[in-house]
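Colleague: Fold the stuff below for me.
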Amino acid sequence: MVVFFTTMASSNFVDYVKIFCRSGKGGAGSAHLRHEKFVEKGGPDGGDGGRGGHVIVRGNAQYWTLIHLKFARHVFAKDGGSGGKQRSFGKDGEDAYIDVPLGTVVKDADTGDVLFEITEDKEEVILCQGGRGGLGNWHFRKSTFQTPRFAQPGEPAIEMAAVLELKVLADVGLVGFPNAGKSTLLSVISAAKPEIGAYPFTTLVPNLGIVQYRDMKSFCVADIPGIIEGAAEGKGLGLRFLRHIERNSILLFLVPAEEEDVMAAYNVLLDELRKYNPELLDKQRVLAISKADCIDDQQRAKIEKQLPKDMPCLVFSSHTGENLQALKDMLWRELEKQ
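Modeller: Okay, here's the model as predicted:
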């Protein structure tokens, strides 16, 4: 059984899948006895059984969501073949592959324990080990027991329910309150076309965009759904999308210039990340004040005085294009420090 969740019926972004897997069982060893003309006592010649197929999780850089597993109710590997006469080995069972996007975390559905993570393209990790093939009766011969009429059965298959959780991999993650201008910024600096609206929680799923930089260079930016105060306790979209921030190299905090106290708003965002995972505070941070076109020079001067001196800060406008190139330059400099 597969359980999948999307935040919108029309969305093709799936970041949580529960799937049932079963490896192949090992093939049975053969108890065959050699029968040939003019060979009076041929003895045992049974071959070993083949191993069962593995269920393997494989990283694929071409995927960015788990939607392709939406209807994959079960993943079964093939059983190993039985051994034959003349010590012939049984055929190994065919492996079953589960291709997942980079940043996928695999958990045991029953215990919730993290089994492993896929972070590299074509990385392969065995989720369910195939059963070993049984030994043929040829292995059990000895001087005092020359005609064993038995063989070893193959090992049974392994069954388990696994949960696949996607944590978006990006160079820069946009962190901010709902309606802070994150989607607008992403649409301006990249070719991404996220939904944009003048109301909170327009963005309900993460959006990725590739930002073209100088000299044919580029970096990836992730637009994370808005965070509100109390998100770490489950308010708003809660913990649902906070996990996508964990894999970003740099956190770009977006605070709209319309806020009465931009630093207080920034500290609220920082506090939510601290409650969710204190290790997030170790990431490189950049503070950007958006919607500069909505304030006058006096308000701008007041905001610039509040900005901290120990981290990169910038005031910009996505609508007018003010300081957008400077923002790209700032992000690239920070990425080169990684």
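Colleague: quick one: low-confidence parts of the stretch 151-300 of the chain?
Modeller: 192-205, 228-241 (pLDDT under 70).
Colleague: And the helices in it?
Modeller: 182-189, 262-276, 297-306 (DSSP state H, counting those that start in this stretch).
Colleague: Need those helices in a markdown table (columns: distance to Ile210 and mean neighbour count).
Modeller: Any C-beta I mention is one placed from the backbone N, CA and C, and that applies to glycine too. Converted to a markdown table, those look like this (distance: least, Cβ to Cβ, whole Å; neighbours: other Cβ atoms under 10 Å):
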| stretch | distance to Ile210 | mean neighbour count |
| --- | --- | --- |
| helix 182-189 | 10 | 22 |
| helix 262-276 | 25 | 17 |
| helix 297-306 | 30 | 12 |
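Colleague: okay if I get the ones you listed as a markdown table plus distance to Leu169?
Modeller: Formatted as a markdown table, the helices of the stretch 151-300 of the chain follow (distance: least, Cβ to Cβ, whole Å):
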| stretch | distance to Leu169 |
| --- | --- |
| helix 182-189 | 16 |
| helix 262-276 | 18 |
| helix 297-306 | 32 |
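Colleague: How many neighbouring residues does the nearest residue to Gln284 once chain neighbours are set aside have?
Modeller: Nearest residue to Gln284, sequence neighbours excluded (Cβ to Cβ, 6 or more residues apart in numbering): Ile250, at 4.8 Å. Around Ile250 there are 21 other residues, counting by other Cβ atoms under 10 Å.
Colleague: ok, now Gln212?
Modeller: The burial count for Gln212: 12, using other Cβ under 10 Å.
Colleague: what sits against it?
Modeller: By Cβ atoms under 8 Å, 6 or more residues apart in numbering, the residues touching Gln212 are 190, 218.
Colleague: Spell out the secondary structure type for the closest residue to Gly24 other than its chain neighbours.
Modeller: In this structure, Gly24 finds its nearest non-sequential neighbour in Gly52, 3.0 Å apart by Cβ to Cβ, 6+ apart. Recorded secondary structure, Gly52: coil (DSSP: H, G, I helix; E, B strand; the rest coil).
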